[in-house]
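Participant: sequence and computational prediction follow.
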Amino acid sequence: MNMAPWGYVVLLGAFIVVVGFTRSRSKQDEQQPAKTTMNMEIALEQFMENMESDNRELVDLVKQSQEDNARQLELREKRIIDLEHRCAELETKLQQSIVQPALHTAPVVPLSSSAADFQVPHTEEEAQPELNRPSIRDRYAELFELYDQGKSIEAVARKLEMNKGEVQLIIQLAKQEEGARV
């Protein structure tokens, strides 16, 4: 039972008062005040020792809690920094894919590919397979069918079990692709 220190003091005081009233005032009791005082001192010392040990346990518990919180905070900060770096890299790749000149021979670079994987065709024979590639609308027909029906991006993402950002990106890339063909 955890009780505040003042609660122990009140409880001890009430116990002393009850013991005092219940004891009869005989002559023997008057001869033994030294023994009663000694018993009270022992009881108070035990009470104080218990209070000190409880306080030490509380201090240790608070220290442990603070250390755990500090470790969790440090891990969260590292994760946030990693996520910010990753987000910046993805934004850079997205900007690069948007800024590229909208030539019919230039393929759209997916976000998952690296710059080393990207090769621009040097001749018209190499560029021909790129032109015959299905459009984004063809590859994600179900996504665009739902979107064209007036479903929200969130609803489409839920239905197809995709991320909302992924759905938005596919829709933006399709619009960019349509603009490049015009």
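Facilitator: That came through, no problem. As the structure is a computational prediction, the values presented were derived from the model and not from experiment.

Participant: so where does residue 137 fall, helix or strand?
Facilitator: Assigned by DSSP states H and E, residue 137 belongs to helix 136-139.

Participant: just name the shakiest helix or strand of this protein by mean pLDDT.
Facilitator: In the chain, the helix or strand scored least confidently by mean pLDDT, DSSP states H and E is helix 124-131, which has a mean of 50.

Participant: could you list the low-pLDDT ranges of this structure?
Facilitator: Across the chain, residues meeting the criterion (pLDDT under 70) sit at 1-3, 24-33, 100-132.

Participant: just how off-centre is whichever helix in it runs longest within its chain?
Facilitator: For the chain, the helix with the greatest residue count under DSSP state H is helix 33-99. Averaged C-alpha coordinates place helix 33-99 at 17 Å from its chain's average position (CA atoms, centre = their mean, to the nearest Å).

Participant: do the same with stretch 157-171
Facilitator: 23 Å.

Participant: could I have the CA atoms of it written out in CSV?
Facilitator: Listed next in CSV are the C-alpha coordinates belonging to stretch 157-171 (Å, rounded to 0.1, in the frame of the first residue of the first chain):
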residue,chain,number,x,y,z
ALA,A,157,-5.5,4.1,-51.4
ARG,A,158,-7.6,2.1,-48.9
LYS,A,159,-9.3,0.0,-51.7
LEU,A,160,-6.0,-0.9,-53.4
GLU,A,161,-4.0,-1.2,-50.1
MET,A,162,-1.5,1.4,-51.2
ASN,A,163,-0.1,4.5,-49.5
LYS,A,164,-1.9,7.8,-50.0
GLY,A,165,1.4,9.4,-51.2
GLU,A,166,1.9,6.6,-53.7
VAL,A,167,-1.5,7.1,-55.2
GLN,A,168,-1.0,10.9,-55.4
LEU,A,169,2.4,10.4,-57.1
ILE,A,170,1.0,8.0,-59.7
ILE,A,171,-1.8,10.5,-60.5
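
Participant: great, nothing more from me.
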